[in-house]
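Participant: sequence and predicted structure, then a few things I'm wondering about:
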Amino acid sequence: MVGANMRAHCAQNLGTEYANSLPLLGEAMADILTLFGCKTVFGVGGDFADNIISAFEGKLETAPSSNEMHAGYAACAQAQISGLGATLTTFTVGSLPCSSPAALAVAEKLPVVFISGAPGEQEISDTLLHHSVASSSEWMMKYDCALKSFRALGMRAERLQGARSKGQPNMAAERFFQLVAHAYANKQPVFIEIPRDLVFEPTQALKLPQTPGDVNHETYVLDGAQHIAEHIVEKLNQSSHPLLFVGENVKLNTRLCEQLRNFVNKFNIPYATSWLAKGVLDESDPLSVGSYNGVFSPDHVRYYIEQKVDYILEVDTSIQSQDTNNAFCSGTHVIQSFENKTMVKGTVQNQQGLLHVFEHLLASDIPVFQTLLEEKRRPVLDDNDSVDFHNLADALNDVQSQLSASLIYLPEIGNSYFASYSLETKQSSHCRPWLTNPWYGAMGSSLPYARAVAKTLKSSNSSDIAVVITGDGGFHFQLNELIHFQRDHLAVVILYMRNNIFHLGKSGESTMYHCSTPGFDVLTLVKAYGGKGLQCRTIGELRTHLQSAVESNCGITLLEIPVDPNSDKLSREISMLNLFIQMKNGKQGAKEAWDLAVAG
């Protein structure tokens with residue numbers, strides 16, 4: 001290990017001019033994150049992370065979070081918004097709580113950089129250090145527990161190293177660049193530990209690319225895109241009712257999404273998305289059929305796809321079937337077994353193969369289809385009707401149809417998430433209008449997600465607004481994150497669906513399902529965060545209060561909606577899923593009821 005005179009030793013070995021050009025590691029890290037579009041690092045301060053915080057000061061926004069897990073979730077949302085998210089925590093006690101957000105990032109294919117401070121290289125000895133995973137009865141210090149934990153999730157995890165020769169600067173910044181570039185290009189999270197005594201040490205001189213697009217990634221060697229496109233053109237020319245079916249893997253590729261929009265608009269081809277891709281394309285567009293998932297889909301979506309469509313072009317769905325995305329293996333997902341279908345997958349970095357296929361398709365001789373979807377008929381809502389899960393989406397769709405601003409929905413995992421599939425999202429220029437973690441399904445993530453969205457909207461001076469839909473159980477997981485909405489003057493609407501229980505999948509009366517108590521006053525609580533709380537019992541009250549919150553677009557607005565757990569007040573998606581869970585758990589009579597529901 002080398003001491004603090006690195007620059008002098010380097011000047012003697014490699015020359016004064018080179019030695020004077022060496023950046024400090026912390027500064028280089030900030031420059032690298034900025035290059036890839038990361039302007040904010042969410043985190044929680046701590047002893048081993050303090051030097052990194054100081055190095056980032058003035059270069060990046062260091063945004064405090066209410067806990068490390070929330071910091072990770074906010075970074076996951078930021079990755080979906082801007083292409084890269086980042087967190088900063090201290091050694092083990094701070095980084096290990098990020099393992100769940102890291103698992104989310106792996107499952108949802110999100111480029112998130114999890115940065116952790118670590119003991120300095122000069123501190124390594126046979127003395128046990130605080131925050132380490134080692135008891136007082138152990139003879140050996142365990143420094144690698146966090147590294148091994150994150151590697152076990154299937155992600156790259158590395159501790160940066162200092163110089164090993166006194167005349168040669170360390171390679172830590174270059175390694176940091178390679179790890180961040182890997183995350184960005186491959187849509188995968190990485191975990192990086194930074195020994196605290198390296199942060200203000202000189203590191204190798206860097207010449208960073210001007211833009212992320214200038215980074216040299218994998219060499220593209222695939223061929224045959226033109227032949228694939230020609231086959232698709234032949235299929236389209238034989239079709240009268242084609243459908244573009246879009247999978248979840250396109251969500252972070254803005255260029256591919258733009259190609260898909262150009263494709264359907266140029267040739268007037270209707271489109272639908274998988275459940276996990278909801279909101280990737282504009283659902284308010286006349287060409288949008290909606291989000292399809294077999295028996296869980298609305299009747300009009302099922303009718304068009306299952307009865308009228310004669311050819312499907314399926315784009316970048318998952319390699320293997322996913323139960324959530326495949327009607328929970330109920331055998332009702334017609335697209336999965338549709339015979340006249342072409343599947344194209346993005347099998348290489350940045351989905352370059354798909355980009356080439358659609359370049360050819362956009363230049364091909366394809367007829368403009370005369371497809372005319374039936375005008376979407378919204379149910380007539382009576383303002384005096386009570387609002388509940390069964391009509392929440394209809395009420396929100398009605399409000400959205402009258403607004404120029406986009407409602408950016410952030411449904412909490414649970415009943416709120418499944419009810420959100422009947423929402424008709426409107427495209428926003430800032431981010432996907434429906435953001436959650438639909439595949440991993442981590443409860444307690446909607447407010448950290450909303451925080452990242454609200455910060456983006458505020459910095460853009462946008463009239464769009466974040467709308468969290470959450471049950472009381474999910475809300476209690478994360479309400480301490482509201483302090484940062486108050487501190488940063490962020491606008492958010494929270495639809496608080498109150499039934500005092502964890503209802504999704506509930507199959508008994510165990511106290512384990514009880515997450516609140518009737519005496520809890522959420523309207524008073526939200527005032528402590530500088531917010532406004534109102535109760536909505538009717539469609540009219542929801543409409544009035546929501547429109548008012550969108551118009552003011554400031555602060556926290558919480559709308560408490562008392563909901564009835566009885567089955568006739570649940571959305572169809574929730575009722576079906578509860579029945580499915582009961583059937584899988586072997587509840588008496590559930591299988592017969594499920595089979596009857598699937599049969600229609």
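Facilitator: Okay, I see it.
Participant: give me the low-pLDDT residue ranges for this structure?
Facilitator: Where the chain drops to pLDDT under 70, the residues are 1-4, 128, 130, 135-136, 139, 501-514, 567, 600.
Participant: and with 50 instead?
Facilitator: 1-3 (pLDDT under 50).
Participant: and the residue nearest the centre of it?
Facilitator: Ala77 (4.6 Å; C-alpha atoms, centre = their mean).
Participant: that one reaches Ala442, doesn't it?
Facilitator: No. Here Ala77 does not reach Ala442: they are 11.7 Å apart, not a contact under C-beta atoms under 8 Å. C-beta here means a position set from N, CA and C on the backbone, and glycine is covered the same way.
Participant: for stretch 193-213, measure first residue to last.
Facilitator: 26 Å (C-alpha to C-alpha, to the nearest Å).
Participant: kindly report the same for stretch 49-60.
Facilitator: Stretch 49-60: ends 15 Å apart by C-alpha to C-alpha.
Participant: buried residues, it. List them.
Facilitator: Ala49, Asn51, Ile52, Ile53, Ala55, Phe56, Lys59, Leu60 (16 or more other C-beta atoms under 10 Å).
Participant: likewise stretch 487-497?
Facilitator: Of all the residues in stretch 487-497, those buried under the rule 16+ other C-beta under 10 Å are Leu490, Ala491, Val492, Val493, Ile494, Leu495, Tyr496, Met497.
Participant: give me the domain ranges for this protein.
Facilitator: 6-214, 225-362, 389-584 (automatic domain parsing).
Participant: output those in JSON lines, with distance to Lys591 appended to each entry.
Facilitator: Formatted as JSON lines, the domains of the chain follow (distance: least, C-beta to C-beta, whole Å):
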{"stretch": "domain 6-214", "distance to Lys591": "29"}
{"stretch": "domain 225-362", "distance to Lys591": "12"}
{"stretch": "domain 389-584", "distance to Lys591": "5"}
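Participant: for the stretch 351-500 of the chain, which segments count as helices?
Facilitator: 352-362, 389-401, 415-419, 446-459, 472-478, 482-488 (DSSP state H, counting those that start in this stretch).
Participant: any chance of TSV for those, columns distance to Thr89?
Facilitator: Shown next, in TSV, are the helices of the stretch 351-500 of the chain (distance: least, C-beta to C-beta, whole Å):
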stretch	distance to Thr89
helix 352-362	35
helix 389-401	36
helix 415-419	27
helix 446-459	14
helix 472-478	17
helix 482-488	16
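Participant: among the ones you listed, which comes closest to Tyr18?
Facilitator: Shortest distance between Tyr18 and these, using C-beta to C-beta, is found for helix 352-362: 37.0 Å.
Participant: which of the helices or strands spans the nearest residue to Phe418 once chain neighbours are set aside?
Facilitator: Once flanking residues are discounted, Phe418 sits nearest to Glu573: 4.2 Å by C-beta to C-beta, 6 or more residues apart in numbering. Assigning secondary structure by DSSP states H and E places Glu573 in helix 572-584.
Participant: and if you look at Glu234?
Facilitator: helix 225-237.
Participant: what's the following helix or strand after that helix?
Facilitator: strand 242-246.
Participant: flag every buried residue along the helix or strand just after that next one.
Facilitator: Using DSSP H and E, the helix or strand that directly follows strand 242-246 along the chain is helix 254-267. By neighbour count with 16+ other C-beta under 10 Å, helix 254-267 contains the buried residues Leu256, Cys257, Gln259, Leu260, Arg261, Phe263, Val264, Phe267.
Participant: report the angle between the axes of helix 254-267 and strand 242-246?
Facilitator: If you take axes from the mean of the first three to the mean of the last three C-alpha atoms, to 10 degrees, helix 254-267 sits at 170 degrees to strand 242-246.
Participant: which strands and helices lie in contact with helix 254-267?
Facilitator: For helix 254-267, the contact count by 3 or more C-beta pairs under 8 Å, 6 or more residues apart in numbering; DSSP states H and E identifies strand 242-246, helix 352-362 as packing neighbours.
Participant: please identify the deepest-packed of those.
Facilitator: Ranked by mean neighbour count under mean count of other C-beta atoms under 10 Å, the helices and strands packed on helix 254-267 are led by strand 242-246, which reaches a mean of 24.
Participant: hang on, the earlier thing: and the helix holding Glu573, what other elements does it pack with?
Facilitator: helix 415-419, helix 590-599.
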